[in-house]
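J.: return a 3D structure for these sequence lines:
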Amino acid sequence: MTLTAGGRSAQPSPDVPNAPDCQHCGTDQYLIVEEFTPLRLLPDGQRVPANASYSCSRCGSFSGHEVPDSWTPVGWFWYA
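T.: Numbers count the residues shown, from 1 in each chain. Modelled structure (predicted):
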């Protein structure tokens, strides 16, 4: 399933710094989110930042990094 971070825009989302986008293609339009872990707060108060790994279905590149706490893949939900 192809998921985008910025509403299938043709440009990276400048209003969400560090949001996933393809560095080669310059857009989030072709991203396939492989793995996403939301922000977690551990019982001891330690903060574990949100992370995503993704590939680009257009050029085949792969990347992964910390993402903004408010970012989630389109259509994503957490199983409770």
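J.: C-alpha from now on. contacts and neighbour counts both.
T.: Will do.
J.: strands of this protein, residue ranges please.
T.: Taking DSSP state E as the criterion, the chain carries its strands at 31-37, 40-41, 47-48, 51-56, 62-66.
J.: now render those as TSV, adding mean neighbour count and distance to Q23.
T.: Compiled in TSV, the strands of the chain are given as follows (neighbours: other CA atoms under 10 Å; distance: least, CA to CA, whole Å):
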stretch	mean neighbour count	distance to Q23
strand 31-37	18	11
strand 40-41	12	27
strand 47-48	12	25
strand 51-56	20	9
strand 62-66	16	9
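J.: dump the ones you listed into TSV; add distance to V74 as well.
T.: Below are these laid out as TSV (distance: least, CA to CA, whole Å):
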stretch	distance to V74
strand 31-37	9
strand 40-41	19
strand 47-48	21
strand 51-56	13
strand 62-66	17
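J.: minimum distance to H24: which of those has it?
T.: Among these, strand 51-56 comes nearest to H24, with 9.1 Å by CA to CA.
J.: any idea how far the closest one is from the chain center?
T.: Relative to its chain's centre, strand 51-56 lies at 6 Å (CA atoms, centre = their mean, to the nearest Å).
J.: contact partners of that strand?
T.: With contact meaning CA atoms under 8 Å, 6 or more residues apart in numbering, strand 51-56 is reached by 20, 22, 30-39, 61-67.
J.: give me the sheet partners of that strand and which way each runs.
T.: Partner strands and pairing direction for strand 51-56 (DSSP bridges) are strand 31-37 (antiparallel), strand 62-66 (antiparallel).
J.: export those strands to TSV and append columns for mean pLDDT.
T.: Shown next, in TSV, are these (pLDDT from 0 to 100):
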stretch	mean pLDDT
strand 31-37	94
strand 62-66	95
